[in-house]
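>>> Just need the structure, nothing else, for what follows:
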Amino acid sequence: MKSSTFHPTTGTKNQQEITLMDPSAELLAEANRCVACGLCLPHCPTYRLTLSEADSPRGRIALMSGVANARIPMNARYVQHMDRCLTCRACERVCPNNVAYGRLIDQARTMIQANVQARAANDGGEGRSRQGRLRHFLERVLIAHPARFDMLRPFVRLVIKSRLLAMLLRLNILKKHALIQSQWFLTRRHLPGHFWRTSYPAKGRPRGAVALFLGCVTRVIDMETLLSALTVLNRLGYTVHVPRAQTCCGALYQHAGLADEAAALARRNHQAFAGLDIQAILSTASGCGAQLVDVAAQSPAHATAVPVMDIHQFLAGQDWSGIHFAPLQRKVAVHEACTLRNVLRASNHLYPLLARVPGLEIQALAGNDQCCGAAGTYYLDQPEFANALLDDKLQAIEQANPDYLVTANVGCALHMANGLLKEGKNIEVLHPVTLLARQMRIL
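Residues are numbered from 1 along each chain as shown. Model prediction:
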């Protein structure tokens, strides 16, 4: 849920309290596992920005516990501190007691969302601003039904080719919103009027079959990554299934406190992939992959019969004999998305895969343990914090001075590409699998 009642720059706030939900036994049980050692603090991006205990994992857990026990009110300041969390889960990676902070922050937001909706119902309102209602409409109409994006993509391609967005931005007719500024990123992408087939047969010696999870944002603005994944998997000998009934992974809903909506999407995805004779379900966007893996771990009823894997993890275990890569005398900086690093724990696979390309100079981006600020819709909801974190990434990119920046999450790619545009840097931001597909050859 977006909190619009507190402005970090001015410090103004609305202390109106929200009616308290019954305490969550699961939240309290997990919160009590935190021993308040503080090892997480230096790894938390928002704590590093504010140096406020309330903006640290330890502080937020204490606040959650206080609200669940009715010791403190669930007011706007509480909501503010929950909203500021990026859900990067860097704290989980270093926690000696393995506290499931990701589940805690989701549960806290679910309680907030339920209370906001209950209060709105009592007041006879909708509980959302005009912007919030528009966003909810788009989520319900498009994100929850991502196949509709296939119909939208030709329109997006037409708008970009007409350079309408660029002209409106130059004339300042449109507000310079982070999402609108993504037109630079989009012009770099291959946006075919492509409608998905249900199956793409293997080329060469067959090795098996997998399914590809498309996601919602990727399938409309970053088709090149998905088509690159098809190319690589087919050439490795895998038939790729793309079930039409698949939908959004549910991460945007889950992290906004809309647990019921996220669960409904999980059920639809479970049904979509059920019955396929496959070895794995592969995701190219680490944010989607993390959500699907979390669903399988936390809700066995919604788990698929085969494992969900990040595509890099799957590719790392393959036999690449018979395939070679054209040399590329370029430098690539590797950004490790938080979901790939902290949740899927698969960022280590990026480097040996890229090393298959002869001549490629590979460098880990400095500060990969810190979030870039994208964090789903965070860079739209919390631009001040998101841009502060982005500045650190832009400095690291400038120091690396690469020809390419690779990242495994589309939201991170959008956010950093926008930042590079503002800096006047002509550095292509792309997915690691796209770089592999471009250089891939068959002997």
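>>> residue ranges of the strands in the stretch 1-150 of the chain, please?
Taking DSSP state E, counting those that start in this stretch as the test, the strands found in the stretch 1-150 of the chain are 17-18, 74-75.
>>> rank these by mean pLDDT and give me the bottom one.
Lowest mean pLDDT within those: strand 17-18, a mean of 38.
>>> domains of the chain?
Using automatic domain parsing, the domain ranges for the chain come out as 17-123, 323-442.
>>> Would you mind measuring from the residue positioned nearest the centre of the chain to Asp310?
The chain has Gly287 as the residue nearest its centroid, 3.5 Å off, counting by C-alpha atoms, centre = their mean. According to C-beta to C-beta, to the nearest Å, Gly287 stands 11 Å off from Asp310. C-betas here are computed from N, CA, C, even on glycine.
>>> could the domains of the chain be laid out in TSV, adding distance to Met223 and mean neighbour count?
Listed next are the domains of the chain as TSV, based on distance: least, C-beta to C-beta, whole Å; neighbours: other C-beta atoms under 10 Å:
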stretch	distance to Met223	mean neighbour count
domain 17-123	27	18
domain 323-442	11	20
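>>> which of those has the lowest average pLDDT?
domain 17-123 (a mean of 88).
>>> Now do the same for Ala374: helix, strand or coil?
Classification of Ala374 by DSSP: H, G, I helix; E, B strand; the rest coil places it in coil.
>>> Contacts only, for the closest residue to Leu104 other than its chain neighbours.
Nearest in space to Leu104, with sequence neighbours left out and distances taken as C-beta to C-beta, 6 or more residues apart in numbering, is Glu30 at 5.6 Å. Contacts for Glu30 (C-beta atoms under 8 Å, 6 or more residues apart in numbering) come out as 99-100, 103-104.
>>> how about these, which pair is most distant?
Distance extremes for the contacts of Glu30: the farthest pair is Val99 and Arg103 at 9.2 Å, using C-beta to C-beta.
>>> average pLDDT across whichever strand or helix holds Cys288?
Per DSSP states H and E: Cys288 is located in helix 286-298. For helix 286-298, mean pLDDT is 92.
>>> who touches that helix?
If you take C-beta under 8 Å, 6+ apart as the criterion, helix 286-298 is touched by 102-103, 213, 215, 218, 249-251, 254, 266, 269, 281, 283, 302-304, 307-310, 337, 339-340, 343-344, 346, 376, 408-411.
>>> Can you give me the distance of the closest residue to Thr407 other than its chain neighbours to Asp392?
Once flanking residues are discounted, Thr407 sits nearest to His335: 4.1 Å by C-beta to C-beta, 6+ apart. Distance, His335 to Asp392, by C-beta to C-beta: 12 Å.
>>> From the contact counts, what lies against the longest strand that the chain contains?
Of all the elements of type strand in the chain, the one with the most residues (DSSP state E) is strand 208-213. Packing partners of strand 208-213 (3 or more C-beta pairs under 8 Å, 6 or more residues apart in numbering; DSSP states H and E): helix 223-235, strand 238-241, strand 281-283, helix 286-298.
>>> need the next SSE after the second one, C-terminal direction.
Put plainly, it is strand 238-241. Counting by DSSP H and E, the next helix or strand C-terminal to strand 238-241 is helix 251-254.
>>> on contacts alone, who are the packing partners of that next one?
Using 3+ C-beta pairs under 8 Å, 6+ apart: helix 251-254 touches helix 259-273, helix 286-298.
>>> Just the buried positions in the shortest one, please.
Translated: helix 286-298. The neighbour-count check on helix 286-298 (16 or more other C-beta atoms under 10 Å) flags 286-296 as buried.
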